[in-house]
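**Q** Structure, please.
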Amino acid sequence: MGRRKKTVLAASVTAGVLVLVLIIGAIYKYVAPSNVKRELSTVFGLGENEVALIVDNVQQEEKGLRVDGQTYVPASVASSYMDERIYVDTKEKILSYATVDGVIQVRPGDVSYTLAREEKKVEAPILSEHGGALYVSLDFIAGHASCYYKEYEGPSRLIIVSDRTRNYTFATLGEDTRVRTGPNKKYDYLTEVPEGSRVIADDTKQQENGYMAVTTLDGVNGYIPAERVVKTEKKGWDFEKEPESFPQKGMKKTICLGWHQVTTEEGSGTLSASVAQAAPMNVISPTWYALSDNKGNFTSLANADYVAQAHAAGLEVWGLINDFKKGLKLNTVLGRTSVRTRLINSLVASAIQYDLDGINIDFENVKAGSAAAYLEFLRELVIKCHANDLVVSVDNYTPASYNSHYNLYEQGRVVDYVILMAYDEHYAGSEESGSVSSLPFVKDGLAGMIARAPKERVVVALPFYTRLWKERKSKSGKITLEPPTAYGMSNAESLLRASGAAPKWDEATGQYYAQYKEDGATCKIWLEEETSLTKKLEAVLPEKVAGVAFWKLGFERAVTWKTIGDVLAKNSK
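**A** Below is the predicted model:
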């Protein structure tokens, strides 16, 4: 073979080898996993002295801070996720924390506080202000919080688990596994999890390319090969502590409460005439107090003679305060520390002055934005009331998503009695006619309540009234509803006798129902009387709740109390 041919052949072989190398390189590049590790500090987006906050597997926009060797958490994160009893008044810049022993209050920079008349000192400020925002010391949170939390370094991050109702899918890994930024081995990796470790699977995301979305226990979100998982378990998080419950100041017997609506000074000095026939009743709650402005003031119809009469009749007196006045801003009344304190002190002072046995809170206009302030008000009120031998009860709607901010779980740990207003199923503003308190409504409300609050703190309130509904149909067939009229038991039956309508038993509602025509309108009424009341009481009392209550005195009749007494006696055996 000539030299020229040998040269050509060598060049061809070299080119072929190069092509083969390139092909092999391309194939390897296509199939080989990425060995590039992303810097977690970049992933978490941390600046100098910042701490990433991961709450229930979700990284928060807000960051914690490291100050003089101490970790500080934004007040909003601390109170929302770590301990709801951390209440920070951002206007007056005061942190309040209610405990069984009293209320801790500090301002930014304070390194001491007073609790139960004893001064306590701390190494670093509990509350700190940076860039106009308030932060809470993690050391303080650690001494009280019942959530799970753990700090990690490299980079600095704080893992927080606060949701006690959620179930997590824990996945155990069968071998060392890299957590990648995307659902493919070509993505860079973030961290490596050792064999036998657990991660939390993200059940909201479907597997892709055989990869599943997970969160490591130290807060890194990413993807792992699903085949690496050898075991899964769905369960709630294991919390080491439960939120502290305040001691209950109770009556040591089944409560039977009647609300007495009082609207004038003349009426405030005399017990309801119904008291004489209300043998089972042991608590009367006159509607004496009402918030009157945004400075913590309230109007009062309290009367010492009334209380003396009630005590002579063997009744405890729980004065009621409402929030019905228009223009009230509960975020100011209850959220400002100075205003809230003034309200509590004045209310307790009035209760002491008039020898009351308790206070009944009937705040029905609490919005989500003022809920935290409302709960802090209840905590501080209970502490003040217990110190003065007073009972605190709180009226609540039937549990529903729209009123979940009333937080029956927390109320059930703090107040003496959580009262379920098991009425107004259909109310004055309803768009359709219906029962005020059907049997299924009462049962569902009770089930929801005792799922959230201890039975021994639950009182179920039932109605002595009903509503008459008038429906009118237009030529087009549209039905319009007139504002309903409320009737007591006797007046409702008198109304039906006058109309000639004969009520019939309605099994669905557990009530007598009547319907008749009047002036071109269809009148509908679901009666509240002794038979339906018995069914409700027989559904409630076997659950061993703290007692029952009734709105309102004067709408019942003598036989009603005999019925109540008979059912109470039957269920006390």
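**Q** So which residue is smack in the middle of this structure?
**A** Asn407 (2.3 Å; C-alpha atoms, centre = their mean).
**Q** mean confidence score for stretch 40-59?
**A** Throughout stretch 40-59, pLDDT has a mean value of 94.
**Q** What of stretch 388-398?
**A** For stretch 388-398, mean pLDDT is 98.
**Q** Which positions within that stretch qualify as buried?
**A** By neighbour count with 16 or more other C-beta atoms under 10 Å, stretch 388-398 contains the buried residues Leu390, Val391, Val392, Ser393, Val394, Asp395, Asn396, Thr398. (Each C-beta comes from the backbone N, C-alpha and C, glycine too.)
**Q** for those residues, which one is nearest Val122?
**A** Set against Val122, the nearest of the buried residues of stretch 388-398 by C-beta to C-beta is Val392 (30.3 Å).
**Q** Name every strand pairing with the helix or strand where that closest one lies and say which way it goes.
**A** Val392 belongs to strand 391-396 when assigned by DSSP states H and E. Here strand 391-396 is paired, per DSSP bridges, with strand 358-362 (parallel), strand 417-421 (parallel).
**Q** For the first one, what is the distance to the chain centroid?
**A** Put plainly, it is strand 358-362. Distance of strand 358-362 from its chain centroid, counting by C-alpha atoms, centre = their mean, to the nearest Å, is 19 Å.
**Q** How about exporting the helix or strand just after it as PDB, limited to the C-alpha atoms?
**A** Remark: after strand 358-362, the chain's next helix or strand is helix 371-387, criterion DSSP H and E. Only the C-alpha atoms of helix 371-387 are listed here, as PDB (Å, rounded to 0.1, in the frame of the first residue of the first chain):
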ATOM      1  CA  ALA A 371     -60.400  37.400  65.200                       C
ATOM      2  CA  ALA A 372     -56.900  37.400  66.700                       C
ATOM      3  CA  ALA A 373     -57.700  40.500  68.800                       C
ATOM      4  CA  TYR A 374     -61.000  38.900  69.900                       C
ATOM      5  CA  LEU A 375     -59.300  35.700  71.100                       C
ATOM      6  CA  GLU A 376     -56.700  37.700  73.000                       C
ATOM      7  CA  PHE A 377     -59.600  39.700  74.600                       C
ATOM      8  CA  LEU A 378     -61.200  36.400  75.700                       C
ATOM      9  CA  ARG A 379     -57.900  35.100  77.100                       C
ATOM     10  CA  GLU A 380     -57.100  38.200  79.100                       C
ATOM     11  CA  LEU A 381     -60.800  38.500  80.300                       C
ATOM     12  CA  VAL A 382     -60.800  34.900  81.600                       C
ATOM     13  CA  ILE A 383     -57.600  35.500  83.500                       C
ATOM     14  CA  LYS A 384     -59.000  38.700  85.100                       C
ATOM     15  CA  CYS A 385     -62.400  37.100  85.800                       C
ATOM     16  CA  HIS A 386     -60.900  33.900  87.400                       C
ATOM     17  CA  ALA A 387     -58.800  36.200  89.600                       C
END
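**Q** Going by neighbour count, which residues in stretch 143-150 are buried?
**A** Judged by neighbour count (16+ other C-beta under 10 Å), stretch 143-150 contains these buried residues: His144, Ala145, Ser146, Cys147, Tyr148, Tyr149.
**Q** again, but for stretch 505-524
**A** Asp506, Thr509, Gly510, Gln511, Tyr512, Tyr513, Ala514, Gln515, Tyr516, Ala521, Cys523, Lys524.
**Q** Check what pLDDT the third one gets.
**A** Okay, so that is Gly510. What the model reports as pLDDT for Gly510 is 98.
**Q** The residue nearest to it when sequence neighbours are not counted and Asp357, how far apart?
**A** What sits nearest to Gly510 in space, not counting adjacent residues and going by C-beta to C-beta, 6 or more residues apart in numbering, is Leu439, at 3.0 Å. Distance of Leu439 to Asp357, given as C-beta to C-beta, to the nearest Å: 32 Å.
**Q** which regions of the stretch 1-150 of the chain lie under the pLDDT threshold?
**A** By pLDDT under 70, the weakly predicted segments of the stretch 1-150 of the chain are 1-31.
**Q** at 50 what do you get?
**A** Along the stretch 1-150 of the chain, the parts satisfying pLDDT under 50 run over 21, 24-29.
**Q** could you pull out the strands for it?
**A** Per DSSP state E, counting those that start in this stretch, the stretch 1-150 of the chain has strands spanning 50-55, 58-59, 64-67, 70-74, 86-89, 94-99, 102-106, 112-115, 118-121, 127-130, 133-137, 148-152. These are given in chain order.
**Q** Looking at the ones you listed, which is nearest to Trp469?
**A** strand 86-89 (43.0 Å).
**Q** Next, the contact list for Met82, please.
**A** If you count contacts by C-beta atoms under 8 Å, 6 or more residues apart in numbering, Met82 has them with Val73, Ile141, Ala145, Cys147, Tyr149, Ile160, Ser162.
**Q** again, but for Asn407
**A** Glu84, Ala371, Leu375.
**Q** Looking at these, which is nearest Ile383?
**A** Looking at the contacts of Asn407 and their distance to Ile383, the nearest is Leu375, at 13.0 Å (C-beta to C-beta).
**Q** tally of neighbours for that closest one?
**A** Summarising burial for Leu375: neighbours were counted as other C-beta atoms under 10 Å, giving 22.
**Q** Correct me if wrong: it contacts Ser79.
**A** No. In this structure, Leu375 is not within contact of Ser79 by C-beta atoms under 8 Å, at 10.4 Å.
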